[in-house]
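Undergrad: Sequence below, structure please.
(2 chains)
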Amino acid sequence: MGVVKPDGRPEGDAVDGSPVMDCGYVAERHVADLYVLHQLTAEQAERFEDHYMSCETCLDELERAEVMARGFKRVGAEEMAQAAVVTAGAGWWRRRTLPALAATAVVAAVALPYFWSRPSQEAGGRGNTPVVFLQPERSAETVASRRIRRPADRGPVVFVLELAPPFYPSYDAVVERSGQRIWTVEGLELGERDTVALSLDAGLLESGEHVLWLGAMTPEGRHVGVGRFGFRVGD
Amino acid sequence: MHRPDVMDCDPVPAAGRGGADVEELVHRVREGDRSAEETLVRRFSRGLLAYLRRLGCPSDLADDVHQEAFRIVLERLRGRGLEEPAGLAGFLRGTARRVYLGECRKVARRRTETAEEAVARAEDPRTGQLHRVLDAEAAGLVRRLIGELDTPRDRQLLYRFYIAEDGKETLCEDLGLSSLHFNRVLFRARRRFKEILEGFAEQENVRWVS
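TA: Here you go, the predicted model:
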């Protein structure tokens, strides 16, 4: 546990026996990371807060821990999304019914014909499925900033749309290229981490600028625009 | 005892960085020393914003809450002062929390929900546009860190610690690690990530946390 002082108290302990929450303790015990991950007791968290309120070094460490935790959570979410597409592929092959597919967060209306027409594809799923995270654009004049490469095998491309409040019970999407509508879908539901996910067959995505318009029905039955998501497809 | 793995910073008493210097600041504010007020705000400003992030206060509201909290605290210090000046950090946090809850109650009254429900419903400060961009960049930096790790076990440790939020004891038992080894892996990862982050920030001239 540590060095024991002549009076029997472990080194680093205050007179009352509780750990001294100093910068050394914070570094040695990964306190900033445990704090960000909500793994400290309430008392420990309060002691750390008392300390970092005026300690620049530990505030730097806290910010590093916050960014690191966010980064890992994002990596985890992206890998889970990719894994979910592979897993969902197995489910689609087994279920073979559109209503069941529409109930899932990943809409297979376009991907289903692809699976039916590719009997040589090993049943159950596919790998290396591109997953694209998009944020809504602020201005209609904004040139699409998200560039994606069209998969060589023309398989599905999963789009994960990251939304902000207010949220709605149901969403619909329209995908356009050069002002021409190429695909629509309704009945999308909010999924994990405030996202809506949909899957589009890469065969529909020719090179060039694309826009995905996301709309929603309010509880009052009014249709509202939620966001414009632009992306550019290249080979 | 020299601890080469420990960050180089000033040791702090158990009561936080309170002690004589904070008590002196509080006393000087009571005496009308405006420079002491400025020093106090400078010293605690960043920490207060970090605490507001912890509460889930959106970044666009945090500046207002921060300003109002300091206004209230300084007014108190100029007037009847604090019974325990060394407890200034806790008093400041408590004041900020009340101000933030007050803002949530205003929203709650409009939406007919309790303040606690409003706090729970409050937008995750990480989901605003700026923090979404930062989330994606943070993920890129984490992937770089992961790519530099020596062994799959180290990768598994970090994944389970930060994503699954498994505790140290569980990880040591499952992965067959000693406590020392666990600490070493985590400390190296933290230190390397800090280097990667600082290098990125210098390149991009980005302030990570608003």
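Undergrad: contacting residues around B:Phe193?
TA: Going by CB atoms under 8 Å, 6 or more residues apart in numbering or on different chains, B:Phe193 touches A:Arg64, A:Val67, A:Met68, B:Leu141, B:Val142, B:Leu145. Every residue, glycine included, has its C-beta placed from N, CA and C.
Undergrad: Which one (most neighbours) among those?
TA: Within these, most neighbours by other CB atoms under 10 Å in any protein chain shown means B:Val142, with 27 neighbours.
Undergrad: confidence score at it?
TA: Note on B:Val142: pLDDT of 95.
Undergrad: Among the contacts of B:Phe193, name the ones in helices.
TA: If you go by DSSP state H, these have A:Arg64, A:Val67, A:Met68, B:Leu141, B:Val142, B:Leu145 in helices.
Undergrad: Rebuild those residues as a markdown table, extending it with distance to A:Leu214.
TA: A markdown table is the format used below for these (distance: CB to CB, whole Å):
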| residue | distance to A:Leu214 |
| --- | --- |
| A:Arg64 | 35 |
| A:Val67 | 29 |
| A:Met68 | 31 |
| B:Leu141 | 29 |
| B:Val142 | 28 |
| B:Leu145 | 33 |
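Undergrad: Pick the one among the residues you listed closest to B:Phe91.
TA: A:Arg64 (27.5 Å; CB to CB).
Undergrad: quick one: that closest one and B:Ile196 touch, right?
TA: No - A:Arg64 is beyond contact range of B:Ile196, at 10.0 Å (criterion: CB atoms under 8 Å).
Undergrad: Show me the shaky parts of chain A.
TA: Scanning chain A for pLDDT under 70 picks out A:1-19, A:83-128, A:138-145, A:153-154, A:192-193, A:235.
Undergrad: and the longest strand anywhere in it, what does it pack onto?
TA: The residue-count maximum for a strand in chain A (DSSP state E) belongs to strand A:223-234. Applying 3 or more CB pairs under 8 Å, 6 or more residues apart in numbering or on different chains; DSSP states H and E, one finds that strand A:223-234 contacts strand A:131-134, strand A:146-149, strand A:156-162, strand A:208-217.
Undergrad: Quick one: closest of the ones you listed to B:Leu49.
TA: strand A:156-162 (24.3 Å).
Undergrad: Out of the helices and strands packed on strand A:223-234, which is the most enclosed?
TA: strand A:156-162 (a mean of 23; mean count of other CB atoms under 10 Å in any protein chain shown).
Undergrad: Now the element after it, going C-ward?
TA: Once the chain leaves strand A:156-162, the next helix or strand it forms, by DSSP states H and E, is strand A:170-177.
Undergrad: in that following strand, what counts as buried?
TA: A:Tyr171, A:Asp172, A:Ala173, A:Val175, A:Arg177 (16 or more other CB atoms under 10 Å in any protein chain shown).
Undergrad: Quick check: of the residues you listed, which lies closest to chain B?
TA: A:Tyr171 (16.8 Å; CB to the nearest CB).
Undergrad: what about that closest one, distance to A:Gln82?
TA: A:Tyr171 is 22 Å from A:Gln82, where distance means CB to CB, to the nearest Å.
Undergrad: Quick one: mean pLDDT over the longest helix seen in chain B.
TA: Identified as the longest helix of chain B according to DSSP H is helix B:179-204. Helix B:179-204 shows a mean pLDDT of 91.
Undergrad: Show me what counts as buried in that helix.
TA: Across helix B:179-204, burial judged by 16+ other CB under 10 Å covers B:Phe182, B:Asn183, B:Val185, B:Leu186, B:Phe187, B:Ala189, B:Arg190, B:Phe193, B:Lys194, B:Ile196, B:Leu197, B:Phe200.
Undergrad: wait, A:Lys21 sits on A:Tyr52?
TA: In this structure residue A:21 is Met, not Lys. No - in terms of CB under 8 Å, A:Met21 does not count as a neighbour of A:Tyr52; the distance is 9.2 Å.
Undergrad: Would you map the helices across the chain?
TA: Reading this off chain A. Under DSSP H, chain A gives helices at A:23-28, A:31-36, A:42-52, A:56-95, A:98-102, A:111-116.
Undergrad: Actually, chain B is the one I wanted.
TA: For chain B, the helices defined by DSSP H cover B:19-30, B:34-55, B:59-78, B:88-111, B:115-121, B:129-148, B:152-162, B:168-175, B:179-204.
Undergrad: wait, which of those is closest to A:Ala45?
TA: Among the helices of chain B, the nearest to A:Ala45 by CB to CB is helix B:34-55 (8.5 Å).
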